[in-house]
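1. coordinates only, sequence not included:
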């Protein structure tokens, strides 16, 4: 019997989002690589204030969990130093064959610690990037330099979409293309693919109006998701659009109170339905006439794939990996474009307003392409992710 392969994964925190789902799938399902069993370890830090917790996804996974409270998203030099030494201590204890980091802070501190301990194989997955839209130009330039150096010493870098690969290599120049392996997200999409409810059944279950067009937006209430621009654009739409349509905001986060105040200031109290974050999302997607994602930056957005899997027409800002999900352009209106699997738009307030005012024109076509979008979403299954990563681990 061959000895187990020990894999230590690091993620900054188990907050609501795709990276947390991604690592929980691997912790639960990646049990075998060739003739070797796998000993899974996962290290993560504490949530920031107001963030939702997804660490319960690890319950019963069989992975050994390591908590480092000082490992947090925000830059805090004292905590970061402590987190580095605690990560290094865990590495010494586990003595892993592979270290695989996810998200920016864990990627920096984890790879530095791994290099200092001489770990044989060091990987980092980009689920997006924080080189624009998050920090000042000075901080962004600094993080690009740090990532460029760490990528040079990493065994392999994983990108989750072709568009993200292009940004990493050709826009931000943080990694050589030859070092990148492209492996799509893997998600537990069966509850969305197999949602049994009709639209009217879902609306009845959730208490939504049956006679209004519902546009849903699911996601963390944080600046990068661009909810405030969506609200401002909504206030500028035509009277006819606002009379017939409601926006459903599902989620929680640091901008919860700011968004509530914005809704009041813009006179949108009757237009917006607020829903706290819930894990039972399939009925919401099924109740929507369309799903909207107005983000300023994305990797491969989980909510967009969930909506596609639930046969909900999707409209999204063309940032990060979104164009890869929406497919080839079919009709270009300038600030928004009908694509093979959804409607894409520029993430400015003006573009969102123009798109919303034209949505009724495109909705029938969006409904027609939902079967193609649903079929495409199956490429992002958790079984495929486990298979792809097992093959990469074995190769390395």
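-> Nice, thanks for sending it over. This structure is a prediction, so every number in the text was calculated from the model and none was measured.
2. For the host helix or strand of residue 232, the averaged confidence score.
-> Here residue 232 is covered by helix 227-235, with elements defined by DSSP states H and E. Averaging pLDDT along helix 227-235 yields 97.
3. what angle do the longest helix along the chain and helix 227-235 make?
-> Taking DSSP state H as the criterion, the chain has its longest helix at helix 349-368. Helix 349-368 runs at 80 degrees relative to helix 227-235, counting by axes from the mean of the first three to the mean of the last three CA atoms, to 10 degrees.
4. Can you name the residues in contact with helix 349-368?
-> Contact with helix 349-368 is made by 213, 215, 229-230, 232-234, 236-238, 241, 289-290, 294, 313-315, 333, 335-336, 338, 342-343, 345, as judged by CB atoms under 8 Å, 6 or more residues apart in numbering. (Each C-beta comes from the backbone N, C-alpha and C, glycine too.)
5. picking that back up, which neighbouring elements make contact with the helix holding residue 232?
-> strand 245-250, helix 256-265, helix 349-368 (3 or more CB pairs under 8 Å, 6 or more residues apart in numbering; DSSP states H and E).
6. For residue 80, find the nearest of those.
-> helix 256-265 (27.4 Å; CB to CB).
7. List the contacts of the helix or strand bottoming out on mean pLDDT in the chain.
-> Every helix and strand in the chain was compared by mean pLDDT, DSSP states H and E; the lowest is helix 137-153, with a mean of 86. For helix 137-153, contacts defined as CB under 8 Å, 6+ apart pick out 75, 104, 107-108, 111-112, 115, 122, 124, 130-132, 134-135, 157, 172-176, 179.
8. go with 6 Å
-> 108, 111, 115, 131, 157, 172, 174-175 (CB atoms under 6 Å, 6 or more residues apart in numbering).
9. Of those, which qualify as buried by neighbour count?
-> When the contacts of helix 137-153 are checked for burial by 16 or more other CB atoms under 10 Å, the buried set is 108, 111, 131, 157, 172, 174-175.
10. Those residues in helices, which ones?
-> Using DSSP H, the buried ones among the contacts of helix 137-153 in helices are 108, 111.
11. any chance of the buried ones among the contacts of helix 137-153 in a markdown table, with distance to residue 55 too?
-> Shown next, in a markdown table, are those (distance: CB to CB, whole Å):
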| residue | distance to residue 55 |
| --- | --- |
| 108 | 22 |
| 111 | 23 |
| 131 | 28 |
| 157 | 26 |
| 172 | 31 |
| 174 | 29 |
| 175 | 30 |
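12. From the buried ones among the contacts of helix 137-153, pick the one nearest residue 263.
-> Nearest member of those to residue 263, counting by CB to CB, is residue 131, at 31.5 Å.
13. can the buried ones among the contacts of helix 137-153 go into a markdown table with extra columns for distance to residue 270 and pLDDT?
-> Formatted as a markdown table, the buried ones among the contacts of helix 137-153 follow (distance: CB to CB, whole Å; pLDDT from 0 to 100):
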| residue | distance to residue 270 | pLDDT |
| --- | --- | --- |
| 108 | 46 | 95 |
| 111 | 50 | 97 |
| 131 | 40 | 69 |
| 157 | 48 | 97 |
| 172 | 43 | 86 |
| 174 | 46 | 91 |
| 175 | 49 | 93 |
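14. what's the closest of the buried ones among the contacts of helix 137-153 to residue 42?
-> Nearest to residue 42 among the buried ones among the contacts of helix 137-153, with distances taken as CB to CB, is residue 111, at 16.0 Å.
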